[in-house]
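K.L.:
return a 3D structure for these sequence lines:
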Amino acid sequence: MLELLFEDAWLRAIAKPPGLLTHRTLLDAHETTSAHEQAQAQWGERLWPAHRLDKGTSGVLLFARDADTARLLGEAFMGGQTRKQYLAWVRGWPQAAAGRVDHPLARDPERPSAGQPLLDAQTDWQVLDRREWPVTTHSAFATTRTALLRLAPQQGRRHQLRRHCKHMAHPIVGDATHGKGPFNRALAAHWGVQRLWLHAQHLALAHPHTGAALAIEAPLGPEWARLQAI
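P.N.:
I've put the predicted structure just below:
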């Protein structure tokens, strides 16, 4: 059962769990379900995804309840009229308390960047917590340093946060594409949870029909509290 975060005559927002596709894709052809399909079945109506979250990412996922609303939401997301905030556990401790990554990204992260046009991409970040976990992920160190970041992408490039964290040399814990496999496996074994530690916590936008300010929040899963209990 999907958790409902917001609904009115035009919109539904859910808390997408990690490991669930936003919608079917040929990149994950073996998957047999998606958040889109489950939401339509749960509420018995046709829905249009307004945006997407990576399969491994949890958090706020917004749907339109009709085609016209979907069009208006699409214009808002494409036009930069939404504000998103994420939480992420990353490898290591950033030297500063906050900053901005200003690093253009190729459109398709699945292909070599060479030959692709580079798109403007900026992400603001802030350190919320620093932890030294009692697990060895490198032979030279008995413990592992990680940090909890708040991330605010200024665009919605594909894998923007994951690629920008890698560019900072602080990849997101559990990122199989942009992180390190041995590091991720050691932490997954220690915590007993294998996931991408990225959560879409907050989505703000003007309502596409009324213009009212909307702020939708998705609570963290209980597994997040364990990582801060040390």
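
K.L.:
measure the residue nearest to the spatial centre of the chain to Pro104 for me?
P.N.:
The residue lying closest to the centre of the chain (C-alpha atoms, centre = their mean) is Thr57, at 4.3 Å. To Pro104, Thr57 is 22 Å away according to C-beta to C-beta, to the nearest Å. Quick note: C-beta positions are derived from backbone N, CA and C, even for glycine.

K.L.:
just to revisit the earlier point, residues in contact with the residue nearest to the centre of the chain?
P.N.:
Residues near Thr57 by C-beta atoms under 8 Å, 6 or more residues apart in numbering: 16, 18, 86, 196, 198-200.

K.L.:
ditto for Val127
P.N.:
93-94, 96-98, 147-149.

K.L.:
which parts of the helix or strand of the chain with the lowest mean pLDDT are buried?
P.N.:
Least confident element among the helices and strands of the chain, by mean pLDDT, DSSP states H and E: helix 222-227 (a mean of 86). Across helix 222-227, burial judged by 16 or more other C-beta atoms under 10 Å covers 224, 227.

K.L.:
so how far is Arg131 from the residue of the chain positioned farthest from its centre?
P.N.:
Relative to the centre of the chain, and counting by C-alpha atoms, centre = their mean, the farthest-placed residue is Ala140 at 31.2 Å. The gap separating Ala140 from Arg131 is 19 Å, by C-beta to C-beta.

K.L.:
ditto for Leu62
P.N.:
The value you get for Leu62 to Arg131, if C-beta to C-beta is used, is 31 Å.
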